[in-house]
Structure formats: structure tokens, C-alpha cells
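Peer 1: I would like the atomic coordinates for the input below:
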Amino acid sequence: MTAADILGYAAGALTAFTFLPQVLKTWKEKSAKDVALNMFIIAFINEIMWLVYGIMINNWIIIATNAVMLAMSGIMIFLKLKYK
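Peer 2: Model (predicted):
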């Protein structure tokens, strides 16, 4: 494994959990009053595009990172609609 691979995996892991603090806070407080739904809809669409791109070029770092981000964005959209 090269230094570039290690950096890619580390960056992917960190990026994948960008929304985790917001997901946990929203779930714990059962309130999404201050969460911008549009941001998560844009992120959701963006993650779909990145995921398809990762699949097209067969890059597992991009695929894994964006699959987790897609799940986090989807959870936030669900929580925003649930706790609106």
C-alpha cells in the first residue's frame, strides 16, 4: 500500500463521517428544527453522482466513502421529515 493509498483511505474515512455528529445530535434531541433540508437533499444527489462515478472507474475509496455519505444524508433527510 502506497502513501497515496493510505492518505486516500484516511481522507475517505474522515469524509464519510462528516454528517455523523449532526445525525447523532438530531436523533438524540429528536429535533431537526435548525437543520437545512435543502443542504441534505443536495448532498444526497451529490453522493449518488460520486457513487456512480466511483463504480464507473472501479475506485473502492470513492465507492465506500460516498456510500456512507449517501446513507448519512438519507438518514438526515428522514430525520428532518420525521421531526419537522
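Peer 1: Secondary structure element holding residue 9?
Peer 2: For residue 9, the element it lies in under DSSP states H and E is helix 3-16.
Peer 1: what's the answer for residue 52, then?
Peer 2: helix 37-57.
Peer 1: quick one: contacts of whatever helix or strand comes next after that helix?
Peer 2: Next along the chain after helix 37-57, taking DSSP H and E as the criterion, comes helix 60-82. Outside helix 60-82, the residues within contact range by Cβ atoms under 8 Å, 6 or more residues apart in numbering are 8-9, 12-13, 15-20, 22-23, 26-27, 32, 35, 37, 40-41, 43-44, 47-48, 50-51, 53-55. The C-beta positions use only the backbone N, C-alpha and C, and glycine is treated the same way.
Peer 1: again, only using 6 Å
Peer 2: The contact list for helix 60-82 (Cβ atoms under 6 Å, 6 or more residues apart in numbering) reads 8, 12, 15-16, 19, 23, 26, 32, 35, 37, 40, 43-44, 47, 50-51, 54.
Peer 1: Next: stretch 16-26.
Peer 2: Counting by Cβ under 6 Å, 6+ apart, 32, 65, 68-69, 72, 75-76, 79 sit against stretch 16-26.
Peer 1: run the last query once more with 8 Å
Peer 2: So stretch 16-26 is contacted by 32, 35, 40, 43, 64-66, 68-69, 72-73, 75-76, 79-80, 83 (Cβ under 8 Å, 6+ apart).
Peer 1: If we go by neighbour counts, what in it is buried?
Peer 2: 16, 19, 22-23, 26 (16 or more other Cβ atoms under 10 Å).
Peer 1: now swap in stretch 53-70 and tell me
Peer 2: Under 16+ other Cβ under 10 Å, the buried positions of stretch 53-70 are 54, 61-70.
Peer 1: How far does that stretch sit from its chain's centre?
Peer 2: The chain centre lies 11 Å from the centre of stretch 53-70; the measure is Cα atoms, centre = their mean, to the nearest Å.
Peer 1: Neighbours of residue 37, how many?
Peer 2: 13 (other Cβ atoms under 10 Å).
Peer 1: quick one: contacts for it?
Peer 2: Applying Cβ under 8 Å, 6+ apart, we find residue 37 in contact with 77, 80-81.
Peer 1: follow-up on the earlier one: quick check: which of the buried residues of stretch 16-26 has the minimum pLDDT.
Peer 2: Ranked by pLDDT, the buried residues of stretch 16-26 bottom out at residue 16 (86).
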